[in-house]
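Asks: below: sequence and its predicted model.
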Amino acid sequence: MTVVIDRTQPPPRHPEKAHRPDTEVIRKPDWIRVKAPVSREFAATRATVREHKLHTVCEEAACPNIGECWSKAHATMMIMGDTCTRACAFCNVKTGLPASLDPGEAENVAHAVAKLELKHVVVTSVDRDDLPDGGAEHFARVIAAIRERSPKTTIEILTPDFLRKPRAIETVMAAKPDVFNHNLETVPRLYLAVRPGARYFASLRLLQQAKELMPEGFTKSGLMVGLGESREEIMQVMDDLRAAGVDFLTIGQYLQPTRKHAALARYWTPDEFKALEATARAKGFLMVSASPLTRSSYHADSDFAALKTARLTKSSA
């Protein structure tokens, strides 16, 4: 028997998910739909990203807000490559064996931040379980490079959990980001199915450590809804986050990337998101963003600027 291999087709983006059964992708409601990116500003942001050979979570995770954000020159930098060492069931970033770290990446990111004239930048990464420190030192180098080139830019980092990587969080917090973000993503009951490489209480403890190491800084976390969680479970996660000293919370709708990813249970309505936001504010979060299209870095610049203004106004009153 002769086996013919078709090499004209690109390899699958998620080979590790190929064994998963197909699940139905539920049609998006009207409130989820976004316009295609066509503006000159969008093209200029994309050109800057390409010029500096950068990856962005906007593209790699297929963010629905890319048109709006890039049109405002707001791109979320994704460092340490475009290949993740984990295979979370919800995520559209490809999985595999990552390449070596780019020694020039910190400077490239700093150059791009300066060229885009960002007042606030969000820097995230893939999981790098292959590295002894999970990439903590690389995060610190990127923060330092941005500080040197754009000293007035506030820096928000969205990190992996650094699971079983001793002293990683200490290394990151020593670089003094303005906001430390790590997403819990979902409720504890769904971790094994949705985020099997992570541990809920390890992520919670990471956020608590970040606050302990830099009490004057801000901590932040995010959740997706639509994976089968209950409202009561979300309330409990909110309470856990507040107990860990977390300041900011984002809540957005899970959008199933492909039939091989975690199945979407349902779409939460805009009114339900408003109710979640009201509850989160009542629980004491300083900043809350909850809407169908909310993502960790969505409007992060304007939200942080509004918070600083409010604090300055309060302190001068």
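Replies: Looks like it arrived, so ask away.

Asks: would you verify that residue 250 is located in a strand?
Replies: Yes - Residue 250 sits within a strand when classified using DSSP: H, G, I helix; E, B strand; the rest coil.

Asks: quick check: closest non-adjacent residue to it.
Replies: In space, and not counting its chain neighbours, residue 250 is closest to residue 222: 4.0 Å by CB to CB, 6 or more residues apart in numbering. Every residue, glycine included, has its C-beta placed from N, CA and C.

Asks: report the contact partners of residue 176.
Replies: For residue 176, the residues meeting the contact criterion (CB atoms under 8 Å, 6 or more residues apart in numbering) are 143, 214, 217.

Asks: helix, strand or coil for the first one?
Replies: Looking back up the chat, that one is residue 143. helix.

Asks: let's see the pLDDT reported for the residue nearest to it when sequence neighbours are not counted.
Replies: Nearest in space to residue 143, with sequence neighbours left out and distances taken as CB to CB, 6+ apart, is residue 175 at 4.1 Å. With respect to pLDDT, residue 175 scores 98.

Asks: same deal with the one 5 residues further on?
Replies: The pLDDT attached to residue 180 in the predicted structure is 97.

Asks: which residues of the stretch 101-250 of the chain score low on pLDDT?
Replies: Regions of the stretch 101-250 of the chain meeting the criterion pLDDT under 70 are absent.

Asks: can you give me the helices in it?
Replies: Chain-ordered helices for the stretch 101-250 of the chain, with DSSP state H, counting those that start in this stretch as the definition, fall at 105-116, 136-149, 168-174, 191-194, 200-213, 231-243.

Asks: switch those helices over to JSON lines; also include distance to residue 88.
Replies: JSON lines is the format used below for the helices of the stretch 101-250 of the chain (distance: least, CB to CB, whole Å):
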{"stretch": "helix 105-116", "distance to residue 88": "23"}
{"stretch": "helix 136-149", "distance to residue 88": "20"}
{"stretch": "helix 168-174", "distance to residue 88": "19"}
{"stretch": "helix 191-194", "distance to residue 88": "7"}
{"stretch": "helix 200-213", "distance to residue 88": "12"}
{"stretch": "helix 231-243", "distance to residue 88": "17"}
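
Asks: of these, which is nearest residue 26?
Replies: Closest to residue 26 of the helices of the stretch 101-250 of the chain, according to CB to CB: helix 191-194, at 16.8 Å.

Asks: pull out the buried members of the contacts of residue 176.
Replies: Neighbour-count burial within the contacts of residue 176 applies to 143, 214; the criterion is 16 or more other CB atoms under 10 Å.

Asks: tabulate the contacts of residue 176 (JSON lines), appending distance to residue 29.
Replies: Below are the contacts of residue 176 laid out as JSON lines (distance: CB to CB, whole Å):
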{"residue": "143", "distance to residue 29": "39"}
{"residue": "214", "distance to residue 29": "40"}
{"residue": "217", "distance to residue 29": "37"}
